[in-house]
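Trainee: prediction below, plus the sequence it came from.
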Amino acid sequence: MSQAFRIENVGLLNRDKKLSFKFNGTTYFGFEGDTLASALLANGVHLVGRSFKYHRPRGFFGAGVDEPYAVVQLYRNGETEPNIKATEQELFEGLEAKSVNCWPSVNFDIGAINNFLKIFLPAGFYYKTFMWPKSFWYRIYEPFIRKAAGLGVASTKHDNERYEHKYEYCDLLIAGSGPSGLASAYAAAKNGAKVILAEDKPRFGGSLLTSDVNIGNQSGKDWAEGIIAELKTMPNVVVKNRSQIFGYYDHNMLVMSEKVSDHLPETKKYHPNKRLWYIRAKEVLISSGSIERPIVFGNNDTPGVMLSSAAKEYLKVYGVLVGKKPLVFTNNDSGYETAIEFKKHGVDPVVLDSRNNPDSEIIDEAKNLGINIKNSYVVVAAQGYKKVKSADIASISEDKKQLGKIENIQCDCICVSGFWTPTIHLASQSGNKTKFKEEIDAFVPGQSKQNETTLGAANGVFSLEETLKTSFTAGSEISKKITKKDNEVAIPNVVEKKSSQHDKFWCVPLPKGKNYKRFLDFQNDVSVSDVEIALREGYRSIEHVKRYTTLGMATDQGKTSNLNGLQLVSEIENKVVPAVGHTTFRPPYTPVSIGAIVGREVGKHSKPTRKSPMHEWHEKNNAVFVDAGVWLRPRYYKRGNENLFEASKREAKNVRTNVGVCDVTTLGKIDIKGPDAAELLNRVYTNAWLKLPVGKARYGVMLREDGIVMDDGTTTRISENHYHMTTTTAQAANVLSHLEYYLQLVWPELNVNVVSTTEQWAGAAIAGPKSRDLLQKLFPSSDVSNEGLPFMGYIEGDLFGVKARIFRISFSGELAYEVNVESDNGNFMWDKIMKVGDEFKIQPYGTEALSTLRIEMGHVAGSELDGRTIPYDNALEGLVSKKKDFIGKRSLQRSAFIAEDRQRIVGVVPLDKKTSIPEGSHLVKDDKARLPNPKLGHISASCWSVEYDNPFSLAILKDGKNMIGEKLFAMSPLKNKVIPVEIVSSHYVDPKGERVRS
Amino acid sequence: MLYINCPHCGMRSQNEFSYGGDASVKRPELNKEVSDQEWDDFVYNRKSLRGKHLELWQHISGCRQWIKVERDTATHEIFRTFKADEEVA
């Protein structure tokens, strides 16, 4: 078959470029400029899929975003994407697509048996059937429904495409490039406003591409092309095609998805697949046009039944005849325009008009062309299964209730026009309270809430002359307010044919004795009878009817079905449509790729990666890294075939026997300066700070106002009014905000400044019995003896010409120091430490060894300070001042916090001294107790004690104070482990803390 | 996304800010005896208003200043913004 339905020399395609593509395995040809839909129709393919519930054959219904049927699985460049509308997908060489929701094939679909079982699949069947027996749900019903329903299949592979986000600001954002969009953009641009004009289709011009009008002595299409060409030359204008504004959010923020590469066989190098624009606009002009609505009749879902505007678009834009024996069924003049186009291209249509004797310029033209017109006639039912073969038609009485004698008429397509529905989604999303406009039987925007204005057909204005007049004026007036310029633009003359009033008729009654399915929602298979059932069962709110029947809930979001659904509900309920109201329009207007929403923030890019100045050294020395917040830290340094356990044990042991060095650059650092700095620390920390001398460090714990420990760390008094605070890596940002909060809002009278200096300093912790010997060699001119630099002392030193800060503080529990130099000197410092340390058998150690060292010393860290513990729980109550007030102190009096059996940190050792206890295990009294087994506590951190060569864990345990010596069980259902354990002191090694002071 | 007028920097998008809760809450003075009820009201009890709400935001990716924002919690309309030390009339 070679494009048998294509007409020569008609349309806007590039006929010089023939493209081949595959649909359901068959190769076809189309042209550059085709959509997948137009190319298939050119080849006479009308069967594209199966419906959601009954698996009825599905063809093409629209020609764009409103398409409910033609949803396909797309294959492009080795990737697959589900739920692509064939009417939106542009053709490219080598495109492959398949039907969805059918098995084994679209031609022979087993699921179509549902069509005969439809009595069992009424509205709300999800909620009614499959309820019994309960045990069947997971094993039988759910898997069956999942297989039978649903559309495409998502790829399980990593998406290699690239998606970008862009932030943009403009004076006027204009949604839609039809006549109103072009006119308003042009007028605003002439006033110097910064304008963004967005069009979701590849071609600009909207309805002007298909309508038979004349603007300023040019065809509508030529006029549109001229305007676009001029706009493109203006520096203050951005014109974007393939760009759908899909959401209108708070404070005039709109989001637009630009398809950059979907129309190409593969994405160009360095190009994104899609670009998501976040646009903050001073004013928004909504010129989103309107969508034709169907008339409801029997079997109106048969392939070959489609919107008359779609048939016209396929003809005028793509040069495709959707049929060679068309039947046009209309309640307004739009159907005639389609019929006229058919006739002009050598095809004889028959027009059925539900109206009695309409009269207009358009109808006159149709009559003059000799088109066969039947007034007061309707289509009762389409006949044919996989394609329309004929139609049952009948005359209809004036009150639209009685059908005349049914006649059968041969046809191969039925083009339906039930008048136009303004696309008010964006306006409604902005908070605009919509109103019902009687003359057009549809909702239009009402009072604006944000700075938005709706123009043209989207505002229910269907005359081109009026649309252009109001749009030029609006673009000019609105931009004038922003730019203060007023460059008048002449409004061109318009020649258009006048149309007559449409008929409110929207649904053909069932003939006696016939039980045709009459569909409202084509993608979700919601028929007239389904809505009737819902109402009969007591659903009244339109929101409930929608959810019970799934009307308007498919990927097309009811663009062609919502209003007819409302008509039906209002008829049954005997209410007017505005009293029924419409369901909420929520973004997105069309489906948006998850990839576009995520943008570049995937994998490693989901957050910034921070590296210490010594990172390269770590890499060169076989460090295995771990994410610590946004930092990358060496977890261990691999030697030979060592694993994590072996390496960390070796590193920790070397700290206990010789000396180790650990990169502690990631610790949060805050510089605190000002005469009231000590007072601030005194209020922030639980212990006393007013008497800390210059040159001394102190360990401190800070609470939240609710008494929970927020963070811990040391703060050093560098000089009279200058302190250096350290925080944990994870809490650094929160602690800074916390200090700023109190300084700016609660105690503004304190004369203190705080600033983060985390990145300014590179830090190395030197720990182990030989650390002082090493330090002496690093700083030969400094006195680092126990007297010269005692525990918690601070001096400044000269590291081979580089200024360094030396703190005698310890996390490992060993004799230890922390050396800080300016970040740029980090590598220099590290090199010196490693070289000079060689004679002391220095080894670098990573976070795993660091954890081991602190755990067996009973030092708390993030796993104990987990946002649920107070100082007592961490055995830190000795640091809580009784004399002074501080943040969170009052909360420590809460009854739960002073309970006798309050939880407290303990050490845990397995009885067999062999089995490591998984972190997160629960401690219980009886491992055989019935569930729920009361939990006494949990394991917060585990290590292999290098001091005693057996596993050791820390736990937060209820009544921990009185539990030392008790035997309990550590249970981890996740790891399927039950380990008998003994509770010991959390200070497993050096409980008196002699080493740090040695 | 909200568009917030930082009194120090001008109009900025919400993603530069972090939310800080009800701005009308006053911390009890240090060293003052406070009842359980007063303390609970300060730490925990919030009104969760519908309508005009004075709240704190920190311009965390900008000037780092804490500011007060008068916002309608139902419509997101922002009426006025204030510096931390500005009295709200």
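Mentor: Nice, I can see it. Numbers count the residues shown, from 1 in each chain, chains lettered A, B, ... in the order given.

Trainee: grab the most central residue of the chain for me.
Mentor: No chain specified, so I'll use chain A. By Cα atoms, centre = their mean, the mean C-alpha position of chain A lies nearest to A:I597, the distance being 4.5 Å.

Trainee: the intended chain is chain B.
Mentor: So for chain B, Cα atoms, centre = their mean, it's B:L56, sitting 1.7 Å from the centre.

Trainee: which parts of chain B sit against chain A?
Mentor: Those residues of chain B that sit near chain A, judged by Cβ under 8 Å from any Cβ of the partner chain, are B:1-3, B:13, B:18, B:20, B:27-28, B:30-31, B:34, B:39, B:42-44, B:56, B:58, B:60, B:64-66, B:75-76, B:78, B:84-85. (C-beta placed from N, C-alpha, C; glycine too.)

Trainee: from those residues, which would you call buried?
Mentor: By neighbour count, with 16 or more other Cβ atoms under 10 Å in any protein chain shown, these hold B:2, B:13, B:18, B:20, B:28, B:39, B:42-43, B:56, B:58, B:60, B:64-66, B:78, B:84 as buried.

Trainee: taking the residues you listed together, which two end up most distant?
Mentor: Spatial extent of those (Cβ to Cβ) is set by the pair B:S13 and B:W39 at 36.4 Å.

Trainee: ok, then the element right after the helix or strand that A:Q776 is a member of?
Mentor: Per DSSP states H and E, A:Q776 falls inside helix A:771-778. Past helix A:771-778, further along toward the C-terminus, the next helix or strand under DSSP H and E is strand A:794-799.

Trainee: got the angle between that next one and helix A:771-778?
Mentor: Here strand A:794-799 runs at an angle of 50 degrees relative to helix A:771-778 (axes from the mean of the first three to the mean of the last three Cα atoms, to 10 degrees).

Trainee: contacts for strand A:794-799, please.
Mentor: Residues outside strand A:794-799 that contact it (Cβ atoms under 8 Å, 6 or more residues apart in numbering or on different chains): A:695-697, A:716-718, A:778-779, A:781-784, A:788-789, A:803-808, A:819, A:821, A:825, A:828-829, A:832.

Trainee: type out the ChimeraX command that picks the buried ones from these.
Mentor: Buried members of these, defined by 16+ other Cβ under 10 Å, are picked up in ChimeraX with:
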select /A:696,697,716,717,718,778,779,782,784,789,804,805,806,807,808,819,821,825,828,829,832
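
Trainee: where does the closest residue to A:A688 other than its chain neighbours land on pLDDT?
Mentor: Nearest residue to A:A688 in three dimensions, chain neighbours excluded: A:S881, at 5.3 Å (Cβ to Cβ, 6 or more residues apart in numbering or on different chains). With respect to pLDDT, A:S881 has a value of 97.

Trainee: looking at the residues of chain B next to chain A, which are in helices?
Mentor: B:39, B:42-43 (DSSP state H).

Trainee: any chance of those residues in CSV, with pLDDT too?
Mentor: Shown next, in CSV, are those (pLDDT from 0 to 100):
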residue, pLDDT
B:W39, 97
B:F42, 97
B:V43, 97
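
Trainee: contacting residues for the closest residue to A:G319 other than its chain neighbours?
Mentor: Spatial nearest neighbour of A:G319, excluding adjacent residues (Cβ to Cβ, 6+ apart): A:G11 at 3.3 Å. Contacts for A:G11 (Cβ under 8 Å, 6+ apart) come out as A:33, A:315-320.

Trainee: what about A:H605, which SS state?
Mentor: At A:H605 the chain is in helix, as set by DSSP: H, G, I helix; E, B strand; the rest coil.

Trainee: quick check: it vs chain B, distance?
Mentor: Going from A:H605 to chain B by Cβ to the nearest Cβ, to the nearest Å gives 16 Å.

Trainee: same question for A:D901.
Mentor: Here the distance between A:D901 and chain B works out to 22 Å (Cβ to the nearest Cβ).

Trainee: what is the burial count for A:K914?
Mentor: By the criterion of other Cβ atoms under 10 Å in any protein chain shown, A:K914 has 9 neighbours.

Trainee: and it, what element?
Mentor: Per DSSP H and E, there is no helix or strand for A:K914.

Trainee: again with A:A381
Mentor: Residue-wise, A:A381 maps onto strand A:377-383 under DSSP H and E.

Trainee: re the thing from before, verify the contact between the residue nearest to the centre of chain A and A:R275 for me.
Mentor: No: here A:I597 does not reach A:R275: they are 11.9 Å apart, not a contact under Cβ atoms under 8 Å.
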